[in-house]
Each structure stands twice: as C-alpha cells, then as structure tokens.
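Colleague: after the sequence you'll find the predicted model.
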Amino acid sequence: MNNVRVRFAPSPTGDLHIGGVRTALFNWLYAAKSGGKFVLRIEDTDEARSTDASTQVILDAMKWLGLNWDEGPGAEIAEFAPYYQMQRNELGVYQKYADELIAADLAYKCYCTPQEVDEMRKIAQANKLPHKYDGRCAHLTPQQRREKEDGGAKSVIRFKMRKDGSIILNDLIRGQIEFFNSLLDDFVIMKASGVPTYNFACVIDDHLMKMTHVLRGDDHISNTPRQIHIYNAFAWKAPEFAHMAMILGSDGARLSKRHGHTSVLEYRSEGYLPEALLNYLALLGWATEDSRQIFTIPELKESFSIERCGTSPSTFDPAKLLWLNGEKIRSKTSAEIYELFIDWLKFVSNESLIEGWDRELLKKAIALEHEKIKTLKDIAPLVDFFFTKEVVYQEEAVKKVFEKSKDSAKIVLQESFQRLAGQTDFSAQALEKYARDLAAEKGIGTGKVFHPIRVAVSGRTQGPSLFHMMEVMGKQEVLRRIETAVNKFF
RNA sequence: GCCGCCAUCGUCUAGCGGUUCAGGACAUCGCCCUCUCAAGGCGGAGAUCACGGGUUCAAAUCCCGUUGGCGGCGCCA
C-alpha cells in the first residue's frame, strides 16, 4: 500500500514562489509520511515564458530548502525520464495520445485562428454570456477538412466534450464537488505549435508517471473536471485530488509581488532559514489538533496529513515568519549560526563585508548576540563594532550617557583606564566585580558605571552583556577604546 | 456574465451537536527578571463564531438563503 507517488510540477516562468513552495512542501511531506515517492517534473510547455534560467533557479531553491526529490531532473532514479515536458514532447509522447483520441472520435482538429476564437470570446462577453468555444470545427466534413489542410491552415487539437451529465470530484480536502459538463467547452489539448497544453500534458504525465495523488492549489479546481474527462477518455484511473486553499496577501488578494517578497530567493537573501520558511508555510493551511506552532522538519514529516488541511484561504504574515526564523536560529548552536552566516554571505556575494574580521572573535561575538538574531542579515550590524578600528560613537549614545552625567562618566572612564590596565583577570565575572566595586567606592549607581563603559567600548547603548563583551574583546582593545573615548569626549 | 471555492480574535488556527460565557500561537499592551537590547516568565485587551432563517431538548459545529472575499472561464500554467 506504500505506493504513494506525488509530484511537484512547476513551470519555469519565474522564481520559485512562496505559494509554489507550499505546494511542493505539502506533496513532499505527504510522500515522506506515507513512505511514497516525491517526483519533480518541469512543465515548460509555455514556449513564450519558460526559461532555462528559471528552471535552474527552481532547482536550486528546492535544493536549498531541502525538498529533495526521488525522481526528476538530476535524480538517480529516472524510470519515467525525461522529466521535462518539452523533452517528452520531442519524443512524441503527447502527440501519440492526442492522435489516439482523434482516432476514437474523442478529439478533433480545429482550424479556427486565435483571432477568430478571440473574436468569439469578445462577442460572448459583450452579450454577457459565458465564453466558450462553440465547437464549430467538430462538425467539419472530411471534404472541408481536406480543403483546410490543403490550404495550409494551422490547426490545434480540441477535446470533444460531452454535453450531458456531470463530473463529481471527490476532493480529499473539500469533499464532493459537482461540475456540469454542459458548462465546459471543447478545450485545446495540442497547440498549433505541436506542444500540449497544460491540462493535457499534466494528465498524460501524471498517468504515465503513475501518480496516485495530486495535491495542488485550489486555483486548479476548475481544471480538474477537464482533466478527469481526459482520464475517462483513455479509460485511465484518475489519481486522488486534493486542493488546498490559497495563500493571500494582507489585502485579501492572492499573494503577489506587490505584497512584498514572494520569491524564495528573496527570503534566502533576507537571511531566512529553510526550516523556518518550511515550518511557517506548513502552518498556512494545515494545523494539528493542539495548534502546535513549532516543528522540526522530521516532526513535520511525521505529523502531516491531508485530512488536516484547511479549506479557507490564509493570509501570509511576515511578522510570524520572522518570529519563527528567530526561534529556529535560537534552537541552533552559535557555531552553526556562524557557518550559516558564512554561507549566506557567499550567497548574497557580500563576503567582503567581513573582510579582515577575526573569525574566532566573530564566532564569540555571534554567541554573545545569538538570542537577538532574527535573520542572518541581522548579524553584521549586531557585531560589527567588535571589528572596527575606529569606534563609531552614536550621537544619541554620547548625548545620553556621556554628556548627561559628564562628571561621573569622566571619573569612571579615567579610573577604569588606569585600573583595568592592572587587571590580570579579565573574565566577565572579574570585570563585573570590578565595576560594582568601583560604583560602591565612588558612591554612584551601577548604571552610572556600566553605561559609560559600554558606550566607550562599543559606541552604543545597546549590545551584548557588558562584561562578556569586554572579556571577548580583550584587555588591550578595551583599554584602547576607553582611552580613545576619554580623549575624544572629556 | 457564468461556474466553483471559502467565511471563528488584526493574522495563523483549535473546535468536527452538549464537557467552550470558544483554546493556542504571532502581533500588540502591561508587569517581572535585568548592566542596555533581546530572550524568558506572568498577565491584559482582543471573536455578538459574516448575516438571516431553519433542524434539534441543545449549533461555532448540520441544512437553506443572503452578503462578502477569492479563484477559474487562454493555442498560460
């Protein structure tokens, strides 16, 4: 019974979209959960918009996300290769089946030009009628066909839709949905260019590749009856269908560019982790009984089920994704974050950002700021002050800490410069004791001691735990910075 | 215009006829912790379960209708 086969079948007409990732993820999870196979197929039949670059981007993005496929481009198993529809088309795969349908009188050649069809559509629209092809070419006599062919007329192949009855779709997520055949028209299955249309290629491939389940966005729901008709025409068993609710932007419209980042690449560039993206996307349209939020990838694989997919569309919430990304980052070790950061810099081609930075110091600095990191992009601004030769003193910090209580700050820094020089134990613990003792000795609040030192050493009011920061920075550098501050501001 | 899908806190959702004056999470607000910022802990506010009818002893949960949102109606996928 573990013969589940599902697929993700993107068309390479752009970057991998968030919605596409969700579709891929749910299929991938379902395969994992049911011990089945996950297939990647490239639906590049849009001759005008498909690009190799886009295919590459999609493949790379899938790899980065860890959504590995059992079969598909580059996979070891190639039982149903090729996995590119244009390559399959060159093999004549689709033409063969289209010819079969014509022979069985279940499809026919149509000689109407795109302009003619367009004209028909406009007239229907003007009369507020449903626009569908009227099937005029279905009734051509052999004589008329011969004349068209001889005249060099281009033709498409249309599926001959029966007008009576209905198709009942038993959707795994939504239950029964009925579609009346009379509302469907004789849709095109092969274009004049000899390339199959989506609905046709999809069915042929899903059948040949032995797909058992088709899990996709509900924008495909109205395609489904057409596809079922094709399965029926070949007397093939149709796969199970499950249509998941769409992902919307904040304004309720389908998620698109104007809502912000929609490409996986953008999220990668922004410093998001694959597991955060995947975890977040899993929560859009799927939930467990206990409404649990945080899952590791293995936990997701274990918990997923189609039955628990929701039916109503959900709004993409960047704030929640950001929170989850922070959670994932906190759940890793600082050493792992360091590695991810290095990889990320490479990805965004910005390795020069940390040029000259001591790697060991960077690791320690990341450890100090670990819990504050929400995206990999946050890291550099959080720790860069460790590495600058000339400390950048934030104007506000200087005003707030140095100028406001100038006398005490001056004393604290001057004293510290002298005494710390003789400090042999430069551990955070010892430094804290030193600072507290100094405060007690001078009879001032600890804040009046801590804050000036913080600003002198880092140039800002916010940062890591002060004494750990000093320990990591080292005695020499701390002294140098305190001296600089004293000379500059007092 | 036609067809279809959907409808619980701002957002993601739990709920599948009574155990719910609706639970969790994000966001937001407050308090605590605290050398700052975070993180963490605690707490607050936030949903007449879109509306109107039914069915039932009992409905967020079932049925019908209305409204609204979204999707599809291509020689795009």
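Modeller: Thanks, I have it. Numbers count the residues shown, from 1 in each chain, chains lettered A, B, ... in the order given.

Colleague: so for stretch A:315-324, what's the average pLDDT?
Modeller: Averaging pLDDT along stretch A:315-324 yields 97.

Colleague: buried residues in it?
Modeller: A:316, A:321-324 (16 or more other CB atoms under 10 Å). From N, CA and C alone the C-beta is placed, and that goes for glycine too.

Colleague: same question, stretch A:85-101
Modeller: A:85-86, A:88-89, A:93-94, A:97-98, A:101.

Colleague: TSV for those residues, including pLDDT and distance to RNA strand B?
Modeller: Converted to TSV, the buried residues of stretch A:85-101 look like this (pLDDT from 0 to 100; distance: CB to the nearest atom of the strand, whole Å):
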residue	pLDDT	distance to RNA strand B
A:Gln85	98	8
A:Met86	98	10
A:Arg88	98	13
A:Asn89	97	10
A:Val93	97	15
A:Tyr94	98	11
A:Tyr97	98	16
A:Ala98	98	13
A:Leu101	97	16
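
Colleague: max pairwise distance over the buried residues of stretch A:315-324: which two?
Modeller: With CB to CB as the measure, no two of those lie farther apart than A:Phe316 and A:Trp323, at 13.8 Å.

Colleague: which of the buried residues of stretch A:315-324 come close to RNA strand B?
Modeller: The residues of the buried residues of stretch A:315-324 that also fall near RNA strand B, by CB under 7 Å from any atom of the strand, are A:322-323.

Colleague: which one among the buried residues of stretch A:315-324 gets closest to A:Phe385?
Modeller: Within the buried residues of stretch A:315-324, proximity to A:Phe385 (CB to CB) peaks at A:Leu322, which comes in at 23.7 Å.

Colleague: three-state assignment of that closest one?
Modeller: helix (DSSP: H, G, I helix; E, B strand; the rest coil).

Colleague: right, and it touches A:Thr375 too?
Modeller: Yes. Taking CB atoms under 8 Å as the definition, A:Leu322 is a contact partner of A:Thr375 at 7.2 Å.

Colleague: tell me which two of the buried residues of stretch A:85-101 sit farthest apart.
Modeller: Every pair of the buried residues of stretch A:85-101 checked by CB to CB; the farthest is A:Met86 and A:Leu101, at 20.9 Å.

Colleague: ok, the closest residue to A:Ile58 other than its chain neighbours - contacts?
Modeller: Computed as CB to CB, 6 or more residues apart in numbering, the closest residue to A:Ile58 that is not its neighbour in sequence is A:Leu16, at 4.8 Å. By CB atoms under 8 Å, 6 or more residues apart in numbering, A:Leu16 lies in contact with A:10, A:57-58, A:61-62, A:263-265.

Colleague: nearest to A:Phe241, of those?
Modeller: Using CB to CB, A:Pro10 is the member of the contacts of A:Leu16 that lies nearest A:Phe241, at 18.2 Å.

Colleague: burial count for that closest one?
Modeller: Residues within reach of A:Pro10, counting by other CB atoms under 10 Å, total 23.

Colleague: got a pLDDT number for it?
Modeller: As predicted, A:Pro10 sits at a pLDDT of 97.

Colleague: mind checking the SS state of it?
Modeller: Using three-state DSSP, the structure places A:Pro10 in coil.

Colleague: ok, it to A:Arg216 distance?
Modeller: Separation of A:Pro10 from A:Arg216 (CB to CB, to the nearest Å): 11 Å.

Colleague: and the contacts of the helix or strand containing A:Leu300?
Modeller: Using DSSP states H and E, A:Leu300 sits in helix A:297-303. With contacts defined as CB under 8 Å, 6+ apart, helix A:297-303 is touched by A:29, A:32-33, A:66, A:275, A:278-279, A:282, A:288, A:295.

Colleague: restricted to helices, list these.
Modeller: Within the contacts of helix A:297-303, membership in helices is found for A:29, A:32-33, A:275, A:278-279, A:282, as judged by DSSP state H.

Colleague: got these as a markdown table, with distance to RNA strand B and pLDDT columns?
Modeller: Output for the ones in helices among the contacts of helix A:297-303, formatted as a markdown table (distance: CB to the nearest atom of the strand, whole Å; pLDDT from 0 to 100):
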| residue | distance to RNA strand B | pLDDT |
| --- | --- | --- |
| A:Leu29 | 15 | 98 |
| A:Ala32 | 20 | 97 |
| A:Lys33 | 17 | 96 |
| A:Glu275 | 16 | 98 |
| A:Leu278 | 14 | 98 |
| A:Asn279 | 11 | 98 |
| A:Ala282 | 9 | 97 |
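
Colleague: so which residue is dead centre in chain A?
Modeller: A:Val264 (3.7 Å; CA atoms, centre = their mean).

Colleague: that one contacts A:Ala61, correct?
Modeller: Yes. Between A:Val264 and A:Ala61 there is a contact under CB under 8 Å: 4.4 Å.

Colleague: joint contacts of those two?
Modeller: Common neighbours of A:Val264 and A:Ala61 (CB under 8 Å, 6+ apart) are A:15-16, A:21.

Colleague: tabulate those (a markdown table), appending secondary structure, pLDDT and distance to RNA strand B.
Modeller: A markdown table is the format used below for the shared contacts of A:Val264 and A:Ala61 (DSSP: H, G, I helix; E, B strand; the rest coil; pLDDT from 0 to 100; distance: CB to the nearest atom of the strand, whole Å):
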| residue | secondary structure | pLDDT | distance to RNA strand B |
| --- | --- | --- | --- |
| A:Asp15 | coil | 93 | 14 |
| A:Leu16 | coil | 95 | 12 |
| A:Val21 | helix | 97 | 15 |
